[in-house]
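Participant: Got a predicted structure here, sequence first:
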Amino acid sequence: QVQLVESGGGLVQAGGSLRLSCAASGRTFNYYTMGWFRQAPGKDRELVARINWSTGSTYYADSVKGRFTISRDNAKNTVYLQLNSLKPEDTAVYYCAAKTPGANSYTYWGPGTRVTVSS
């Protein structure tokens, strides 16, 4: 059974940094796409960044490009999202998700971790 568990959220001042972790278990994730999404109150969930587990290729939403960095540690089966230069508009619940190779949508989701950025 695939499990994704996020950690690392919290309260931070604007301009600060956080590192989110997503511990993945239950199978090997070769060529899976791992994504970080976020959902702010009253807004739709949006894709923030994604990474191919095997190739390491990445994608970032324009709103976070240059501030956030996604990475993975194959040995630890963990995906990270480094959040720098945080803004109040980054406040949201952040979710880790996994998409199987060739799939159109993300199959597995974590419960989320809350990030609050104060001004």
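Facilitator: It's in.
Participant: Pull out the buried residues from stretch 50-66.
Facilitator: 50-53, 60, 64 (16 or more other C-beta atoms under 10 Å). To be clear about C-beta, it is placed using only N, CA and C from the backbone, and glycine gets the same treatment.
Participant: so where does residue 96 fall, helix or strand?
Facilitator: Element membership of residue 96 [criterion: DSSP states H and E] is strand 92-99.
Participant: partners of that strand, with directions?
Facilitator: Using DSSP bridges, strand 92-99 pairs in its sheet with strand 33-39 (antiparallel), strand 108-109 (antiparallel), strand 113-118 (antiparallel).
Participant: Off-centre distance for it?
Facilitator: Taking C-alpha atoms, centre = their mean, to the nearest Å, one finds strand 92-99 lying 5 Å from the centre of the chain it belongs to.
Participant: what pLDDT, on average, does it get?
Facilitator: What strand 92-99 shows for mean pLDDT is 98.
Participant: What are the contacting residues of stretch 55-66?
Facilitator: 31, 46-52, 68, 70, 72, 83, 89-90 (C-beta atoms under 8 Å, 6 or more residues apart in numbering).
Participant: hang on, the earlier thing: most tightly packed of the strands paired with strand 92-99?
Facilitator: Among those, strand 33-39 has the highest mean neighbour count (mean count of other C-beta atoms under 10 Å), at a mean of 22.
Participant: After that one, which helix or strand is next?
Facilitator: Next element after strand 33-39 (DSSP H and E): strand 46-52.
Participant: what lines up beside that following strand in the sheet?
Facilitator: Partners of strand 46-52 in its sheet, by DSSP bridges: strand 33-39 (antiparallel), strand 58-60 (antiparallel).
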